[in-house]
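**Q** Could you work out the structure for the sequence below:
(one chain, ligands or ions: 2)
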Amino acid sequence: MISAWSAAAVRAAEEPLLAAGAPLMERASFALATHVLRDVAARRGPVRGARVVVLVGAGNNGGDALHAGAVLARRGLAVAAVLVAERFHAPGRRALERAGGRVVELFAAPAALDAVVDDAARADVVLDGLVGIGARGPLRGLAEEVVRAVSARVARRAGADVAAPWVVAVDVPSGIGVDDGTVPGPVLAADRTVTFGAAKPGLLLPPAAGMAGEVTVVDIGLELAAPPAVRRRGPADVARSWPVPGLADHKYTRGVVGVVAGTVTYPGAAVLTTTAAVRTGAGMVRYRGSEAVGRVVLAARPEVVTAPGRVQSWVVGPGVPGGPEASRAGEDDGLDDGQHERGRAGLAAASGRLAGTAGGPVPAVVDAGGLGLLDGLPDDRVPPWFVLTPHAGELTALLRSRGEDVRRPEVEAEPLRWARRAHELTGATVLLKGGVTVVVGPGVAYAQGDGPGWLATAGAGDVLAGVLGSMLAARSRDVVEEPALAAEVAATAVLVHGRAAHRANPGGPVAALDVAGAVPAEIAALLTGP
Ligand SMILES: NC(=O)C1=CN([C@@H]2O[C@H](COP(=O)(O)OP(=O)(O)OC[C@H]3O[C@@H](n4cnc5c(N)ncnc54)[C@H](OP(=O)(O)O)[C@@H]3O)[C@@H](O)[C@H]2O)[C@H](O)CC1
Ligand SMILES: [K+]
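**A** Ligands and ions are numbered 1, 2, ... in the order given. Have a look, this model is predicted:
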C-alpha cells in the first residue's frame with residue numbers, strides 16, 4: 001500500500017523534527033542523489049561525465065535539488081543548476097559550487113532561457129526542484145516559462161526518437177495540485193518522482209498522477225499520525241485480505257453473486273459479467289435476465305444458474321439500458337427486457353428494504369443502466385455497501401441529476417472532488433473508472449493505477465463489475481458491517497482487474513473476455529507471492 005498525506009500533514013510532521021535539529025534536507029537530498037545515480041547507472045552505465053541540469057526554485061524544494069546536485073557533482077557528474085528566482089537556498093548553492101557544479105542565474109539574465117532549454121533537452125538527467133509542497137496554484141514567472149519550453153523540447157526529441165533526458169521530480173512534479181491531483185498549468189512530466197517523508201495525494205490521483213512517473217517514497221523519519229488522505233492498494237495487500245476458502249467452506253459460505261446484466265440487444269455484457277464473477281472465485285453465480293440471454297450465458301459458462309434464490313451480493317446494470325450516458329449517446333434502444341424490474345428488486349434486497357427477503361442486506365455493485373435505477377429507490381440515499389461504478393460521463397450525469405451544475409471536463413479535471421461529492425450526495429461508495437480509478441467511501445479514498453491503457457475497451461467495465469461482485473459476495477457480511485470496507489474491496493478489485501489485463505497480453509491489446517480469463521492466474525499469483 002502507498003499512503004499519501006496532504007502538504008499540511010507532512011509539514012506538521014516535519015515541524016517537531018526540524019525544531020529538534022533533525023537533518024531532514026540532508027536525508028532527503030542524499031536519498032534523491034542516490035536514486036538519480038542508480039537511474040543513471042542503469043540507463044547509461046558510467047555515471048562520471050553524465051550531464052545533469054537542476055531546475056531550482058525559491059524554496060526548500062530547490063534546496064533539496066541543489067544539495068542533491070552537490071552529491072552528484074562530487075561523484076563526477078557535470079551538474080548545472082538553473083536558478084529561476086532571485087531567492088534561492090543559499091547553503092544549497094554554496095554546497096553545489098564547492099562540489100564543482102555550475103550555477104546559471106536565469107533570474108538575472110532571462111535571455112539565457114534558450115540556452116538553458118538546449119542544455120536541459122540534451123542532458124542525461126533533469127532534476128525538477130522548482131516547487132514542492134509549498135506550491136500555490138499553477139507555475140508562474142520564469143518557472144512556468146522554463147517548464148513550458150523544456151516540456152515542449154523534450155516532447156519533440158521523444159517524438160523524433162532522439163534520446164530525451166530522464167526527468168526526476170523532487171518531492172512532486174512542480175506545478176501539480178499537491179493535495180488534489182489537479183494539473184492547473186504546465187508541468188514537466190517526470191519519469192521518476194522521489195518524494196520525502198510520505199507520498200502526497202497528487203502523486204496518486206488523476207490527472208496529476210500521470211505526470212509523476214514511478215513514485216519512490218524516501219523515509220526521512222517523519223511520523224504521520226492522522227489517517228492518510230489517499231491510499232493505493234498494492235499487490236502485497238491482496239493476500240492479507242483475500243478470503244481464501246477453507247475445507248469447511250461451501251458455495252454459500254463462499255458467496256453467491258446475483259447478476260442483473262445484459263439484454264437481448266446487449267447479451268455480451270451478461271456473458272462478460274457472469275464470466276468474470278465465476279473466474280474470480282464466486283461460490284455461485286446466479287444470472288437474472290430473460291430466458292434468451294440466460295441461454296447465451298449458460299452456453300458460455302455452464303457453472304451459472306438462472307433460478308432465483310439466495311444471493312450474497314448483487315451486480316446490477318452492465319449492458320442494461322437507462323444508464324444516464326447511454327441514452328444521450330443514442331446507444332439505448334429502451335428495451336430493458338424486464339431488467340429494470342429485476343434490478344430494482346435486487347437493489348431493494350441489497351439495501352435490506354425488500355419485504356419478505358430473508359438474510360438482511362447485502363452489498364451491491366451498481367453499474368451503467370443500474371445507476372439510473374437509484375432514483376427509483378424509496379430513499380434518496382443508499383448505504384455505503386452499494387458501490388457505484390460510473391465512468392466520468394456517467395458520474396457527470398448522476399451529479400447533474402442530483403442538482404450539481406457540473407460538466408464532464410470538470411469531473412475529469414478533479415476526479416477525487418467529484419467522486420467525493422457523489423459519495424456525499426448518495427451515501428454510496430463511489431468507484432470512478434479511469435486510467436487511474438478513484439474510489440471514495442466513508443472517510444476513505446483510494447486511487448488505483450494498475451491497468452494498461454489497452455484496458456480502455458468495450459466490456460472491460462462489465463468484467464470489473466463481475467470481479468467486484470464476486471469479491472463483495474465473499475465478504476458480504478463484513479462489508480455491510482464495516483462502512484469503509486466496500487471501498488477497500490473495490491480498490492482491490494480494480495487492482496486485480498488491472499493486473500489481469502497486463503497478464504492477459506503483456507504490452508499489447510486486450511479484449512475484455514481475455515481479462516476475465518486472466519483473473520484466476522492473477523489471483524493465484526497475488527496469493528502465493530512473487
Ligand atoms: N523543511 C525542510 O527542511 C524540508 C523540506 N523539504 C523540501 O522542502 C519543500 C518545501 O519547501 P518550501 O520552501 O516550504 O516550499 P517550496 O520549495 O515547495 O516552494 C515555495 C517557494 O516556491 C514559490 N512558489 C510557490 N508556488 C509557486 C508557483 N505556482 N510558481 C512559481 N513559484 C511558486 C514561492 O515563491 P513566492 O514567490 O510565492 O514566495 C515559495 O518561495 C518540500 O517539497 C521538500 O522538497 C524536504 O522534504 C526536506 C525537509
Ligand atoms: K519539484
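**Q** ok, residue 165 to ligand 2 distance?
**A** Using C-beta to the ion, to the nearest Å, residue 165 is found at 15 Å from ligand 2. Backbone N, C-alpha and C define where each C-beta goes, glycine included.
**Q** Who are the contact partners of that residue?
**A** Listed by C-beta atoms under 8 Å, 6 or more residues apart in numbering, the contact set of residue 165 reads 53, 120, 121, 122, 123, 124, 125, 126, 154.
**Q** With secondary structure as new columns, can those be given to me in a markdown table?
**A** Shown next, in a markdown table, are the contacts of residue 165 (DSSP: H, G, I helix; E, B strand; the rest coil):
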| residue | secondary structure |
| --- | --- |
| 53 | strand |
| 120 | helix |
| 121 | helix |
| 122 | helix |
| 123 | coil |
| 124 | coil |
| 125 | strand |
| 126 | strand |
| 154 | helix |
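**Q** Closest to residue 212 out of those?
**A** residue 126 (14.7 Å; C-beta to C-beta).
**Q** Briefly note if stretch 47-62 comes near ligand 1.
**A** Yes - shown here: stretch 47-62 in contact with ligand 1 (C-beta under 6 Å from any ligand atom) through 57, 58, 59, 60, 61, 62.
**Q** again but with stretch 27-44, I slipped
**A** Yes - against ligand 1, stretch 27-44 shows contacts by C-beta under 6 Å from any ligand atom at residue 28.
**Q** which residues are contacting that stretch?
**A** 47, 50, 52, 63-72, 75, 77, 92, 124-125, 127, 166, 168, 170-171, 191-192, 194, 196-197, 216, 218, 220-221.
**Q** Quick check: residue 255 vs ligand 1, distance?
**A** Distance, residue 255 to ligand 1, using C-beta to the nearest ligand atom, to the nearest Å: 45 Å.
**Q** swap in residue 73?
**A** 19 Å.
**Q** quick one: secondary structure of that residue?
**A** Under three-state DSSP, residue 73 comes out as helix.
**Q** quick one: contacts for residue 311?
**A** Contacts of residue 311 (C-beta under 8 Å, 6+ apart): 256, 257, 258, 286, 346, 349, 362, 473.
**Q** tell me the SS of residue 104?
**A** Assignment for residue 104 (three-state DSSP): strand.
**Q** I'd like to know how many residues surround the closest residue in space to residue 22 that isn't next to it in sequence.
**A** In this structure, residue 22 finds its nearest non-sequential neighbour in residue 221, 6.2 Å apart by C-beta to C-beta, 6 or more residues apart in numbering. For residue 221, the neighbour count with other C-beta atoms under 10 Å is 12.
**Q** try residue 108
**A** By other C-beta under 10 Å, the residues close to residue 108 number 9.
**Q** Phi and psi next, for it.
**A** When read as degrees, to the nearest 10, the backbone of residue 108 gives phi -90, psi -20.
**Q** pLDDT value on it, please?
**A** You'll see residue 108 listed with a pLDDT of 98.
**Q** Kindly report the same for residue 154.
**A** On the pLDDT scale, residue 154 gets 89.
**Q** tell me the contacts of it?
**A** 120, 121, 126, 164, 165, 167, 188, 189.
**Q** Next, the last one: secondary structure please.
**A** Spelled out, it's residue 189. coil.
**Q** For the residue nearest to it when sequence neighbours are not counted, give its distance to residue 186.
**A** In space, and not counting its chain neighbours, residue 189 is closest to residue 211: 4.7 Å by C-beta to C-beta, 6+ apart. Computed as C-beta to C-beta, to the nearest Å, the residue 211 to residue 186 distance reads 10 Å.
**Q** higher neighbour count, the two?
**A** Set side by side, residue 211 and residue 186 show more neighbours around residue 211, with 23 against 19, by other C-beta under 10 Å.
**Q** I figured that one hits residue 191, correct?
**A** No - contact criterion C-beta atoms under 8 Å: residue 211 and residue 191 do not qualify, at 10.4 Å.
**Q** name the element residue 259 belongs to?
**A** Element membership of residue 259, judged by DSSP states H and E, is strand 256-260.
**Q** So what's the gap between that strand and the chain middle?
**A** The gap between where strand 256-260 is centred and where its chain is centred comes out at 27 Å by C-alpha atoms, centre = their mean, to the nearest Å.
**Q** Put the alpha carbons of the helix or strand harbouring residue 203 into CSV.
**A** Residue 203 is located in helix 201-204, with elements delineated by DSSP H and E. Extracted C-alpha coordinates of helix 201-204, given in CSV (Å, rounded to 0.1, in the frame of the first residue of the first chain):
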residue,chain,number,x,y,z
PRO,A,201,-2.1,12.8,-2.8
GLY,A,202,-1.3,14.4,-6.1
LEU,A,203,1.2,11.7,-6.9
LEU,A,204,-1.6,9.1,-6.7
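**Q** With that, I have no additional questions.
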